[in-house]
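In: I'd like to go over a predicted model; first the sequence, then the structure.
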Amino acid sequence: MKSFILIAIMSIIGLCSFAQSDSRYKGVNIPETIVTTFTTTDSVTTTAQTITIDSNAVGIIELVVLGYATSNGDGVTCKKIVRYKKELGVLTLGTTSDMLATEADSGLSGAAVTFAATSNNIAIKVKGKLATSITWRLVVKRRTILKVSS
């Protein structure tokens, strides 16, 4: 009986050690953020949203873009993903991948969405069309892992 109890206790201790997580890293999932009322009226590139990135972080941003011009009923859509890394205060972006290529109706040709690293932030920039009012909706999902200690 004593050997059975000893084996049971050792098994529990072993399982508990496997259940511990590595406290040097923390996963962060930011809820969806929707920019619902952003409007452009010209072809100037404008920052639609800025996302601050913590130090010692690696992650991805997934972006769904919908644009609609009420004047002519034309639309623009795309889905993009980009990797980012911020180490020792330097933020770098990977190559943006199109999960759904930008498609614009003829009345919105030239409308575009891009990512840019600016200091500690990632800026999501939109470019509209000259003399056309476009209402944009951006849905942003961010996944990050942070190194919190050595």
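Out: The structure has been received and is ready for your questions.
In: center of this protein - which residue?
Out: Ile61 (2.0 Å; Cα atoms, centre = their mean).
In: and Arg137, what helix or strand is that in?
Out: strand 134-147 (DSSP states H and E).
In: Can you give the distance of that strand from its chain's centre?
Out: On the basis of Cα atoms, centre = their mean, to the nearest Å, strand 134-147 sits 4 Å off its chain's mean C-alpha point.
In: How about stretch 45-60?
Out: 8 Å.
In: got the contact list for that stretch?
Out: 28, 33, 35, 38, 40, 61, 81-89, 91, 113-114, 118, 120-128, 136, 138, 140, 142-148 (Cβ atoms under 8 Å, 6 or more residues apart in numbering). Glycine gets a C-beta too; all of them are placed from N, C-alpha and C.
In: and it, how far apart are its ends?
Out: Separation of the first and last residues of stretch 45-60 by Cα to Cα, to the nearest Å is 23 Å.
In: can you check stretch 110-122 too?
Out: One end of stretch 110-122 to the other measures 22 Å (Cα to Cα).
In: residues touching the residue nearest to the centre of the chain, list them.
Out: 51, 81-82, 84, 115, 122, 140-142.
In: returning to that earlier point: buried residues in the strand holding Arg137?
Out: 134, 136-138, 140, 142, 144, 146 (16 or more other Cβ atoms under 10 Å).
In: from those residues, which is closest to Val65?
Out: Leu138 (5.7 Å; Cβ to Cβ).
In: beta partners for that closest one?
Out: Note on Leu138: beta-bridge partners Val35, Val65, judged by DSSP bridges.
In: what's the neighbour count on the closest residue to Arg137 other than its chain neighbours?
Out: In this structure, Arg137 finds its nearest non-sequential neighbour in Leu66, 4.5 Å apart by Cβ to Cβ, 6 or more residues apart in numbering. By other Cβ atoms under 10 Å, the residues close to Leu66 number 14.
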